[in-house]
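Enquirer: quick one, structure for this:
(one chain, ligands or ions: 2)
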Amino acid sequence: MTDIQFDVIVIGGGPAGYICAIRAAQLGLKTACIDAFKGKDGKQALGGTCLNVGCIPSKALLDSSKQFHGLTHNLPAHGISVENAKLDMATFIGRKDKIVKQFTGGVGMLFKANKVTAFFGTGKLLKGNEVEVTGADGAKQTLKAANVIIASGSVPIELPFAKFDGKYIIDNAGALDLDRIPKRLGVIGAGVIGLELGSVWKRLGSEVTIIEALPDFLGAADADIAKIAAREFKKQGLDIHLGAKLSKAEVKKNAVELTYADKNGEHKLTVDKLLVAVGRRAYTQDLLGDGTGVKVDQRGRVEVDEHCWTGVDGVWAIGDCVRGPMLAHKGEEEGVMVAELIAGKAGHVNYDVIPYVIYTEPELAWAGKTEQECKDQGMPYKTGNFPFAANGRAVAMNEPAGLVKVIAHAETDRILGVHMIGPVVSELIAEAVVAMEFKGSSEDLARIVHAHPTLSEVVHEAALAVDKRALNKAN
Ligand code: FAD
Ligand code: NAD
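Expert: Residues are numbered from 1 along each chain as shown. Ligands and ions are numbered 1, 2, ... in the order given. All right, here's what the predicted structure looks like:
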């Protein structure tokens with residue numbers, strides 16, 4: 001029985017879903033958003049993985065740990081010394097929790113301001129664009145809408161021989177909520193989560209060992225950038241083992257005993273906590289009722305076209321539960337696109353220019369093609385790079401590690417990719433994204449006035465270097 005009619009129902013209140021709901025409401029559509037996420041207090045916490053146990057809390061802990069580490073590793077170079085620096089764990093974790101609450105609560109306020117109706121519970125798509133909502137108390141109700149958007153997100157992949165127990169073998173949520181600094185932290189997977197959260201605890205004093213199955217480090221990044229990252233992380237003491245396969249993880253005497261093998265044979269390692277960060281999978285459990293016609297691919301992702309349409313009238317899917325990178329900003333833009341298409345506007349996402357950022361020290365950021373991809377695609381290209389060590393601002397900040405690399409088409413000079421490792425490159429990448437969206441050339445970047453002294457001059461000089469005319473280094 002249908003008891004509430006909407007124009008748009010969004011299932012999932014993460015960054016893809018909540019942004020979609022707000023945009024739909026802005027466009028005058030009567031919108032509902034159903035979300036099941038419970039905060040630490042057991043109450044509804046909108047914002048999904050990103051706001052609760054992902055982007056935001058991880059950046060809060062990365063910032064706190066960077067400040068702490070800087071006391072002993074950066075400030076002495078400025079002539080500042082601090083004795084007996086201490087970390088108060090309750091404040092460290094409490095600050096993160098406060099930030100999470102501020103932002104999850106903020107989504108609730110935005111829903112009210114935009115007249116989005118929030119439902120706390122689990123949504124299931126039924127035939128004919130009906131959605132069954134099972135509330136936290138088990139009560140069911142059925143909603144109906146012309147358009148339903150699935151934004152159910154993703155969950156961590158579990159290894160069968162290292163199952164999460166929430167105490168010793170933990171996922172991202174566990175690693176963001178430890179009550180003490182583990183003496184020995186094992187991490188399975190040298191991907192984004194492994195490196196970011198491994199860095200947090202390393203900076204606070206944990207011995208961090210990362211076990212990565214693949215032989216290459218950060219295979220998705222440009223090889224020049226990955227090489228510098230590997231060197232810098234090694235200097236920081238992150239012990240990264242490549243081509244290493246975990247076969248066993250046993251909890252014994254308040255610790256986890258690991259067995260893994262690499263080209264040198266089998267090894268044993270004992271750690272106090274084990275973070276398993278081997279990727280995430282689309283979450284579609286109990287989401288689709290019989291006969292909806294919505295298809296799911298071999299990796300459990302909802303099948304969609306380039307406009308996030310599932311092929312079923314009025315049913316769309318966005319964010320981590322569909323193909324493409326699992327990034328908050330990718331999901332958000334898909335949410336805006338779908339809301340605008342529903343409202344009869346020209347929604348679009350340019351999947352070729354999505355920025356990627358890894359918030360380690362130094363940070364990594366890139367957009368567009370890597371040099372390897374240009375080679376594999378037989379694309380004629382030229383490159384220019386410039387080191388932060390030759391940039392006045394970076395040296396003044398005592399953060400000289402890294403470089404910016406610009407890849408441009410050899411004939412047209414159009415920018416094909418920009419790759420960065422260095423201080424605050426998470427912010428610098430935006431300039432490259434704008435230039436690429438406007439189909440800019442390296443010459444365009446090279447001719448733009450950049451303020452002095454700023455880190456952005458490294459982007460300027462790298463663009464000049466494409467044409468072998470960098471000014472502050474020998475070409
Ligand atoms: P989610 O955020 O997963 O939200 C889905 C929501 O839907 C959840 O609240 C879930 O409870 C709810 N839900 C699922 N099924 C149902 C149902 N049937 N009924 C009702 N509700 C349902 N990305 C970045 O871009 N930058 C970062 O810095 C970054 N850092 C990250 C750090 C960590 C530790 C992790 C784990 C991820 C990080 N990500 C980052 C990835 C980012 O969090 C995801 O890409 C993003 O959250 C995906 O958004 P989404 O809305 O598709 O899904
Ligand atoms: P990931 O895909 O980045 O890395 C997983 C790593 O684990 C890979 O290097 C993979 O080769 C390795 N691996 C897989 N199976 C293994 C095994 N059995 N043993 C050892 N290594 C194994 O995934 P993640 O770090 O779990 O992050 C999940 C998603 O969250 C990512 O797709 C990312 O997009 C998103 N995320 C983004 C950010 C950011 O944008 N800064 C931060 C965190 C997470």
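
Enquirer: going by C-alpha atoms from here, please, whenever you check contacts or count neighbours.
Expert: Noted.

Enquirer: packing partners for the longest helix anywhere in the chain?
Expert: Looking across the chain with DSSP state H, the single longest helix is helix 89-114. Helices and strands touching helix 89-114, as assessed by 3 or more C-alpha pairs under 8 Å, 6 or more residues apart in numbering; DSSP states H and E, comprise helix 15-26, helix 48-53, helix 55-73, strand 117-126.

Enquirer: next, the buried residues of it.
Expert: Neighbour-count burial for helix 89-114, counted by 16 or more other C-alpha atoms under 10 Å, picks out 92-93, 95-97, 99-101, 103-105, 107-108, 111, 114.

Enquirer: out of the helices and strands packed on helix 89-114, which is closest to Gly79?
Expert: helix 55-73 (11.1 Å; C-alpha to C-alpha).

Enquirer: hmm, back to that, pick the most deeply packed of the helices and strands packed on helix 89-114.
Expert: When these are scored by mean count of other C-alpha atoms under 10 Å, the highest mean neighbour count falls to helix 15-26 (a mean of 28).

Enquirer: tell me the angle that one makes with strand 117-126.
Expert: For helix 15-26 against strand 117-126, the angle by axes from the mean of the first three to the mean of the last three C-alpha atoms, to 10 degrees is 110 degrees.

Enquirer: dump helix 15-26 to CSV, keeping only the CA atoms.
Expert: In CSV, the C-alpha atoms belonging to helix 15-26 read as follows (Å, rounded to 0.1, in the frame of the first residue of the first chain):
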residue,chain,number,x,y,z
PRO,A,15,27.6,12.6,-0.2
ALA,A,16,26.1,11.3,-3.4
GLY,A,17,22.6,10.9,-1.9
TYR,A,18,22.3,14.0,0.3
ILE,A,19,23.7,16.3,-2.4
CYS,A,20,21.3,14.8,-4.9
ALA,A,21,18.4,15.3,-2.5
ILE,A,22,19.3,18.9,-1.9
ARG,A,23,19.7,19.7,-5.6
ALA,A,24,16.4,18.0,-6.4
ALA,A,25,14.6,20.0,-3.7
GLN,A,26,16.3,23.3,-5.0
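
Enquirer: what angle do it and helix 89-114 make?
Expert: Using the same axes, to 10 degrees, the inter-axis angle of helix 15-26 relative to helix 89-114 is 30 degrees.

Enquirer: mind giving me the packing neighbours of helix 15-26?
Expert: strand 4-11, strand 31-35, helix 48-53, helix 89-114, helix 328-342.

Enquirer: try 6 Å
Expert: Helix 15-26 is packed against helix 328-342, with contacts defined by 3 or more C-alpha pairs under 6 Å, 6 or more residues apart in numbering; DSSP states H and E.

Enquirer: tell me the buried residues in the helix it packs on?
Expert: Neighbour-count burial for helix 328-342 flags 328-342 (criterion: 16+ other C-alpha under 10 Å).

Enquirer: that one vs ligand 1: in contact?
Expert: Yes. Residues of helix 328-342 contacting ligand 1 under C-alpha under 6 Å from any ligand atom: 328-329, 331.

Enquirer: make CSV from the residues you listed and add pLDDT to it.
Expert: Formatted as CSV, those follow (pLDDT from 0 to 100):
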residue, pLDDT
Ala328, 98
His329, 98
Gly331, 98
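
Enquirer: which of those residues sits closest to ligand 1?
Expert: Ala328 (3.8 Å; C-alpha to the nearest ligand atom).

Enquirer: now that closest one: how far from Lys101?
Expert: From Ala328 across to Lys101, the span is 18 Å (C-alpha to C-alpha, to the nearest Å).

Enquirer: again, but for Tyr260
Expert: Taken as C-alpha to C-alpha, the span from Tyr260 to Lys101 is 39 Å.

Enquirer: then Val304?
Expert: To Lys101, Val304 is 33 Å away according to C-alpha to C-alpha.

Enquirer: likewise for Met326?
Expert: Counting by C-alpha to C-alpha, the gap from Met326 to Lys101 is 23 Å.

Enquirer: in the stretch 201-350 of the chain, which spans are helices?
Expert: Secondary structure of the stretch 201-350 of the chain, counting by DSSP state H, counting those that start in this stretch: helices at 223-235, 328-342.

Enquirer: tell me what the last one is packed against?
Expert: For helix 328-342, the contact count by 3+ C-alpha pairs under 6 Å, 6+ apart identifies helix 15-26 as packing neighbours.

Enquirer: centre of the chain to the helix it packs on, how far?
Expert: Centre-to-centre, helix 15-26 and its host chain are 19 Å apart (C-alpha atoms, centre = their mean, to the nearest Å).

Enquirer: average pLDDT for it?
Expert: Averaging the model's pLDDT scores along helix 15-26 yields 98.

Enquirer: residues making contact with that helix?
Expert: 31, 47, 151, 319, 328, 331-332, 335-336, 339 (C-alpha atoms under 6 Å, 6 or more residues apart in numbering).

Enquirer: can I get those in TSV with distance to Ala139?
Expert: Below are the contacts of helix 15-26 laid out as TSV (distance: C-alpha to C-alpha, whole Å):
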residue	distance to Ala139
Thr31	21
Gly47	23
Ala151	22
Gly319	28
Ala328	31
Gly331	30
Glu332	30
Gly335	29
Val336	31
Ala339	29
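
Enquirer: select, from those residues, the two members most distant in space.
Expert: Farthest pair in the contacts of helix 15-26 (C-alpha to C-alpha) is Thr31 and Ala328. Separation: 21.1 Å.

Enquirer: can you add distance to ligand 2 and give the helices and strands packed on helix 89-114 back as JSON lines?
Expert: Shown next, in JSON lines, are the helices and strands packed on helix 89-114 (distance: least, C-alpha to the nearest ligand atom, whole Å):
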{"stretch": "helix 15-26", "distance to ligand 2": "13"}
{"stretch": "helix 48-53", "distance to ligand 2": "9"}
{"stretch": "helix 55-73", "distance to ligand 2": "6"}
{"stretch": "strand 117-126", "distance to ligand 2": "23"}
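
Enquirer: give me the domain ranges for the protein.
Expert: Per automatic domain parsing, the domain ranges recorded for the chain read 3-155+281-349, 169-278, 353-465.

Enquirer: on that earlier part again, quickly name whichever of the residues of helix 328-342 next to ligand 1 is closest to ligand 2.
Expert: Using C-alpha to the nearest ligand atom, Ala328 comes nearest to ligand 2 of the residues of helix 328-342 next to ligand 1, at 7.5 Å.

Enquirer: not counting sequence-adjacent ones, nearest residue to the closest one?
Expert: Leaving aside its sequence neighbours, Ala328 sits nearest to Pro15 (C-alpha to C-alpha, 6 or more residues apart in numbering; 5.9 Å).

Enquirer: likewise His348?
Expert: Sequence neighbours aside, Met337 is the residue nearest to His348 in space, at 5.3 Å (criterion: C-alpha to C-alpha, 6+ apart).
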